[in-house]
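K.L.:
build me a structure from this.
(chains A and B)
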Protein chains: 2
Amino acid sequence: MFIDILIEKIKIMNNVSIVGLDPKLEYVPLFIRKKAYESYGNDLKGAAEAIWEFNKNIIDYIYDIVPAIKLQLAYYEMYGLEGLETFTKTIKYAKEKGLIVLADGKRNDIGSTAESYSSAFLGRTVLEDKTKAIFDVDALTINAYLGVDGVAPFIDDCIKYNKGIFILVKTSNPSSGQIQDETNQQGQKIYEVMSSYVNEWGSKLIGKYGYSSVGAVVGATYPEQAKIIRKIIKNSYILVPGYGVQGGKSSDLIEFFNEDGLGAIVNASRSIMCAYKSDLWRNIYNEEQFAEASRAEAIRMRDDINLVLIKR
Amino acid sequence: MFIDILIEKIKIMNNVSIVGLDPKLEYVPLFIRKKAYESYGNDLKGAAEAIWEFNKNIIDYIYDIVPAIKLQLAYYEMYGLEGLETFTKTIKYAKEKGLIVLADGKRNDIGSTAESYSSAFLGRTVLEDKTKAIFDVDALTINAYLGVDGVAPFIDDCIKYNKGIFILVKTSNPSSGQIQDETNQQGQKIYEVMSSYVNEWGSKLIGKYGYSSVGAVVGATYPEQAKIIRKIIKNSYILVPGYGVQGGKSSDLIEFFNEDGLGAIVNASRSIMCAYKSDLWRNIYNEEQFAEASRAEAIRMRDDINLVLIKR
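P.N.:
Now for the predicted structure:
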């Protein structure tokens, strides 16, 4: 089961943080870009190859210390088919290195269409005489504004292929309250209503550690809301974006975890990818050592969060 | 402006219906599939080529009678990179034929990421010394569960590049009410709250016919709700899925339109793509004439809806 494998990796590595590979071209060190343009031309192909090289190097330097990576689909789609080829190569390489791979696509649609999205990311696509895994990640983020019809096909594939989903509950951005904080006539916020659904939908998929392969997304920027959500979805893992650049602090993270020190994974993207440019690391590592800087920042993040978890 | 161009095409063609190209492999006539497998192998490449051939033929038979097509991204992603290549070829071909092209991707994320999605579909991606259009469709569907932060980048590109968006308000599926019909403390349903936002966000993009390039998605299966939504978003076009196979009837469509006979486009996918298999057309057209059957059904649909619009 997805969630059991994730929890076992978290325990072995003593690390609840994951690395987001959301690589805008400008994050890639100039020497890598130049080399890629020389071989593949100064266009989408060169850009996608530079990003692939960047991803590959970072994976080489973090695969033994972090349990999972998260790939944000938007940053691959923006480089077209070439970018999506880098997306597939990155998934394959990361899995070979033993990393769990989450795709952050926030996919959503009516049932029949959600089935197709699920085939693309979690399940299998039916061809004439066979079925075929396509992007084949371990878990996908989902937007459930359409209700259970749009979620059920993903859950079916989670059961069939040992995959996971993380459903948006309370997102990290400033305007997330416009819909998510609306209060219904029973006094529940929409994010609480969504939490109850996540809890219900996840009940079929609870693994041996008591956690479900149906998780929730709750931004690090909303610890007060996390406290409420954590009580509703005791059995769901929370994927927590927003640590680092978006402003989420490690001291705020305690609300996302259960007493057992489990129940959440914390993602950081830019702070790891661009560690070599940061005030903290740029005097220690040069541009050529960008992946070492990413490793150093990933370790710093791991220890920063572990300190908070131990203290309580 | 996107919406002006759309309205002008609707007027010229006297047609408020659009064709959804959501081509599962099983919709493609067997003779096309066989031919594609002979040339490209019985795998993803062959499947994607069969779908491309299918799309191309349907476009050839409908481009002069319908104003726009809608491509559902899930049905291309499920065939991997090869499927997405068919997606890009279909966009290019349809635009050459003068069709307006909508991508139905229901994309959504926080601001910085929404920017990247917008670069992929509506805007431009920044490379070293240039910017580049990627999928470059005319309009994209958006899920606004995250609020304005996740919508603003798309609106910026709508202004800059004459594009449009359609925001999910009330979706056509049975479970859409789980979140969308929740009632807030002021007595408004969430789909009404969303409608008000669509109205507000669209106010910057109103064209010469009084309509905005920021539209809404409301399912044909919910005419009662459409009546309410139509009053809130007077200036927005409504993209109406769910006609035909999903159960929406033409008599229900009147609520989606304004007095001027404008204000909505009605999508049908399976009923047009699979017309050659339908009870209505399969005795008139054989499998080789699948595209003629699609044309016949597209005309029938156009006239069916026009009859309702004229009657009122």
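K.L.:
low-scoring stretches of the stretch 151-300 of chain A, by residue?
P.N.:
Within the stretch 151-300 of chain A, the stretches with pLDDT under 70 are A:245-246.
K.L.:
which residues of it lie near chain B?
P.N.:
Proximity of the stretch 151-300 of chain A to chain B (Cβ under 8 Å from any Cβ of the partner chain) is limited to residues A:168, A:171-180, A:182-185, A:190, A:193-194, A:197, A:241, A:246. C-betas here are computed from N, CA, C, even on glycine.
K.L.:
ramachandran angles for the residue most central in space within chain A?
P.N.:
With distances taken as Cα atoms, centre = their mean, residue A:70 lies nearest the centre of chain A, 3.6 Å away. In terms of degrees, to the nearest 10, the main-chain angles of residue A:70 are phi -130, psi 120.
K.L.:
could I get the full set of helices for the stretch 101-250 of chain A?
P.N.:
Here the stretch 101-250 of chain A has its helices, by DSSP state H, counting those that start in this stretch, at A:111-121, A:152-161, A:177-180, A:190-201, A:223-232.
K.L.:
returning to that earlier point: just the buried members of the residues of the stretch 151-300 of chain A next to chain B?
P.N.:
Buried members of these, scored by 16 or more other Cβ atoms under 10 Å in any protein chain shown, are A:168, A:171-180, A:182-184, A:190, A:193-194, A:197, A:241, A:246.
K.L.:
without its sequence neighbours, what residue ends up closest to residue A:127?
P.N.:
residue B:47 (5.7 Å; Cβ to Cβ, 6 or more residues apart in numbering or on different chains).
K.L.:
ok, now which ones touch residue A:291?
P.N.:
Residues in contact with residue A:291 (Cβ atoms under 8 Å, 6 or more residues apart in numbering or on different chains) are A:57-58, A:60-61.
K.L.:
repeat for residue A:66
P.N.:
Residue A:66 makes contact with A:13, A:15, A:17-19, A:99, A:298, A:302, according to Cβ under 8 Å, 6+ apart.
K.L.:
ditto for residue A:5
P.N.:
Contact partners of residue A:5, counting by Cβ under 8 Å, 6+ apart, are A:100, A:138, A:162.
K.L.:
what's the spacing between the longest helix seen in chain A and its chain's center?
P.N.:
Secondary structure of chain A per DSSP state H: the longest helix is helix A:290-311. Centroid separation for helix A:290-311 versus its chain: 17 Å, with Cα atoms, centre = their mean, to the nearest Å.
K.L.:
name the residues of that helix that are buried.
P.N.:
Of the residues in helix A:290-311, A:290-298, A:300-302, A:304-306, A:309 count as buried by neighbour count, 16+ other Cβ under 10 Å.
K.L.:
ditto for stretch A:11-24
P.N.:
By neighbour count on 16+ other Cβ under 10 Å, the buried set for stretch A:11-24 is A:15-24.
K.L.:
how near is residue A:167 to chain B?
P.N.:
The gap separating residue A:167 from chain B is 11 Å, by Cβ to the nearest Cβ, to the nearest Å.
K.L.:
I'd guessed that residue sits against residue A:151; true?
P.N.:
Yes. Judged on Cβ atoms under 8 Å, residue A:167 makes contact with residue A:151 at a distance of 6.9 Å.
K.L.:
overlap in contacts of these two?
P.N.:
Residues touching both residue A:167 and residue A:151 by Cβ under 8 Å, 6+ apart: A:142, A:144, A:201.
K.L.:
quick check on these: which are buried?
P.N.:
The neighbour-count test (16+ other Cβ under 10 Å) marks A:142, A:144, A:201 as buried among those.
K.L.:
using JSON lines, lay out these together with distance to residue B:286.
P.N.:
Below are these laid out as JSON lines (distance: Cβ to Cβ, whole Å):
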{"residue": "A:142", "distance to residue B:286": "42"}
{"residue": "A:144", "distance to residue B:286": "43"}
{"residue": "A:201", "distance to residue B:286": "45"}
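K.L.:
what's the closest of those to chain B?
P.N.:
Nearest to chain B, judged by Cβ to the nearest Cβ, of these is residue A:144 at 7.1 Å.
K.L.:
these two touch, right, the closest one and residue B:179?
P.N.:
Yes. Using Cβ under 8 Å, residue A:144 is in contact with residue B:179, at 7.1 Å.
K.L.:
tell me the angle the host helix or strand of the residue nearest to residue A:127 makes with helix B:290-311.
P.N.:
Counting by DSSP states H and E, the element that carries residue B:47 is helix B:44-62. Here helix B:44-62 runs at an angle of 50 degrees relative to helix B:290-311 (axes from the mean of the first three to the mean of the last three Cα atoms, to 10 degrees).
K.L.:
give me every residue that touches the residue nearest to residue A:108 when sequence neighbours are not counted.
P.N.:
Excluding its sequence neighbours, the residue lying closest to residue A:108 (Cβ to Cβ, 6+ apart) is residue A:143, at 4.0 Å. Residue A:143 makes contact with A:106-108, A:167-168, B:106, B:108, B:143, B:145, according to Cβ under 8 Å, 6+ apart.
K.L.:
what is the end-to-end distance of stretch A:231-250?
P.N.:
In stretch A:231-250, first residue to last residue: 20 Å (Cα to Cα, to the nearest Å).
K.L.:
that stretch: which residues count as buried?
P.N.:
Here stretch A:231-250 shows A:232-233, A:235-244, A:246, A:248, A:250 as buried, counting by 16+ other Cβ under 10 Å.
K.L.:
hmm, back to that, doesn't residue B:80 make contact with the residue nearest to residue A:127?
P.N.:
No. If you go by Cβ under 8 Å, residue B:47 and residue B:80 don't touch, sitting 9.3 Å apart.
K.L.:
who has more neighbours, these two?
P.N.:
Neighbour tally, residue B:47 and residue B:80, criterion other Cβ atoms under 10 Å in any protein chain shown: the higher count belongs to residue B:47, 29 against 22.
K.L.:
so who does that one touch?
P.N.:
A:127, B:25, B:33, B:36, B:79, B:82-83.
K.L.:
residue A:16 contacts residue A:260, correct?
P.N.:
No. Using Cβ under 8 Å, residue A:16 is not in contact with residue A:260, being 11.6 Å away.
K.L.:
would you check that residue A:271 makes contact with residue A:280?
P.N.:
No. Residue A:271 is beyond contact range of residue A:280, at 9.2 Å (criterion: Cβ under 8 Å).
K.L.:
higher neighbour count, these two?
P.N.:
Neighbour comparison, residue A:271 and residue A:280: the larger count goes to residue A:271, with 20 against 12 (by other Cβ under 10 Å).
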